[in-house]
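Peer 1: No letters, just coordinates:
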């Protein structure tokens, strides 16, 4: 970004994504939410247009764009009305392969990443576990070395896209925690075939974003070759950390996009709905919450793109990325809530879409890290306060 506005090239990215998304109207996303059908047509068109490779290196078939441009594209998807149903259908393929692109061998990158960019392969990411949660150092999934590679067994939770994934990026312990020099060591990263004879994925019924499922995954005796290992054995936790800030920035940008979609619906309704002989938007009780939400969304957006700019410049952005995720999650939620309330009783009706936005607005408040852990990070790393856990 140049100052506080988009460059001509970045504006062209935003306009291009919005133009494509306009072909998938509110009824399309309402239908996927009601049926749980994955938005195949939408993802296919985004893949054909090359957006899945936006952040991947040019030499691997990508566009070589930065986190800033990826955030612009994903924000436009959410803002178009697709919300997190659309953004989450693309999210993993856009930045999920970054550990592979950064730490994989040249052979791995050339063989695997172009298939993700084209949409020929789809990946899921197995990190969270039922008994570990945010404490990744206590994960119990194991990868035991064999003569031909490794055997992986364990459980993962909240694994998005496992129903249709052909590949899985997964972290597992190759050295027991008690034998590792540090708790963060002995964890390795693998990129494996999603072998459904060894991996069982069960969708978790949930509050929103029904079209993009989350799963409980059970892995039993999954044999993988040695070249499934990404980078060095035992360094997987460090590789995961490399992807945390970009993920927070993307989630923040998407949350702002969702909030903007809700505000657009609410403002249109407030101008058209007449009660007591005047449009309800003329009443400050309706107008002020929407105006406040606009201000909060724009402030969160500035933090998100500050974090993206720092990342693209190779500078530390942990505090900004975490703050952006928190601020955007809260601002997006309040904007969606204000939009529902502005619609009155009709805000509860599916035909006006804002109830779907409101349900999806819980996602960036919870994932990929809790608000409380963000506060812990800022308290310790920025304010220099003692560690609280």
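Peer 2: Ah, there it is. Quick caveat, the model's predicted, so the values are computed rather than measured.
Peer 1: rest of the way, CA atoms for contacts and neighbours
Peer 2: Fine.
Peer 1: Scan this structure for its longest helix.
Peer 2: Secondary structure of the chain read by DSSP state H shows that its longest helix is helix 236-272.
Peer 1: what's in contact with stretch 92-102?
Peer 2: With C-alpha atoms under 8 Å, 6 or more residues apart in numbering as the test, stretch 92-102 has contacts from 51-57, 70, 108-109, 113, 116-117, 122-125, 230, 239-240, 242-243, 246-247.
Peer 1: Show the subsequent helix or strand relative to whichever helix or strand residue 168 is part of.
Peer 2: Assigned by DSSP states H and E, residue 168 falls within strand 167-173. Sequence-wise, the next helix or strand downstream of strand 167-173 (DSSP H and E) is strand 187-193.
Peer 1: got the angle between that next one and helix 236-272?
Peer 2: Counting by axes from the mean of the first three to the mean of the last three C-alpha atoms, to 10 degrees, strand 187-193 points 70 degrees away from the direction of helix 236-272.
Peer 1: Just list what strand 187-193 packs against, helices and strands only.
Peer 2: The contact analysis (3 or more C-alpha pairs under 8 Å, 6 or more residues apart in numbering; DSSP states H and E) places strand 187-193 against strand 167-173, strand 229-230, helix 236-272.
Peer 1: State the number of residues packed around residue 337.
Peer 2: By other C-alpha atoms under 10 Å, the residues close to residue 337 number 24.
Peer 1: residues in contact with the spatially closest residue to it that is not a sequence neighbour?
Peer 2: Counting by C-alpha to C-alpha, 6 or more residues apart in numbering, residue 337 lies nearest to residue 358, which is 6.1 Å off, once chain neighbours are set aside. By C-alpha under 8 Å, 6+ apart, the contact list for residue 358 reads 333, 336, 337, 340.
Peer 1: ok, now residue 161?
Peer 2: By C-alpha under 8 Å, 6+ apart, the contact list for residue 161 reads 89, 123, 124, 212, 213, 214, 215.
Peer 1: where's it relative to residue 91, distance?
Peer 2: To residue 91, residue 161 is 10 Å away according to C-alpha to C-alpha, to the nearest Å.
Peer 1: likewise residue 301?
Peer 2: Where residue 91 is concerned, residue 301 sits at a distance of 18 Å (C-alpha to C-alpha).
Peer 1: more crowded one of the two?
Peer 2: residue 301 (25 against 18).
Peer 1: Tell me which stretches of the stretch 251-389 of the chain form strands.
Peer 2: For the stretch 251-389 of the chain, the strands defined by DSSP state E, counting those that start in this stretch occupy 274-275, 278-279.
Peer 1: helices or strands next to the last one in the packing?
Peer 2: Translated: strand 278-279. Judged by 3+ C-alpha pairs under 8 Å, 6+ apart, strand 278-279 is in contact with helix 236-272.
Peer 1: Give the buried residues for the helix it packs on.
Peer 2: Buried residues in helix 236-272, counted by 16 or more other C-alpha atoms under 10 Å: 236-237, 239-240, 245-267, 269-270.
Peer 1: Could you report the pLDDT at residue 118?
Peer 2: pLDDT recorded at residue 118 is 91.
Peer 1: Please name the nearest non-neighbouring residue to it.
Peer 2: residue 47 (5.9 Å).
Peer 1: what helix or strand does that neighbour sit in?
Peer 2: Using DSSP H and E, residue 47 sits in helix 40-48.
Peer 1: Likewise for residue 30?
Peer 2: Using DSSP H and E, residue 30 maps to helix 26-35.
Peer 1: residues near residue 103, how many?
Peer 2: Residue 103 is flanked by 16 other residues according to other C-alpha under 10 Å.
Peer 1: Spit out the contact partners of it.
Peer 2: 230, 231, 239.
Peer 1: and if we set it to 6 Å?
Peer 2: residue 231 (C-alpha atoms under 6 Å, 6 or more residues apart in numbering).
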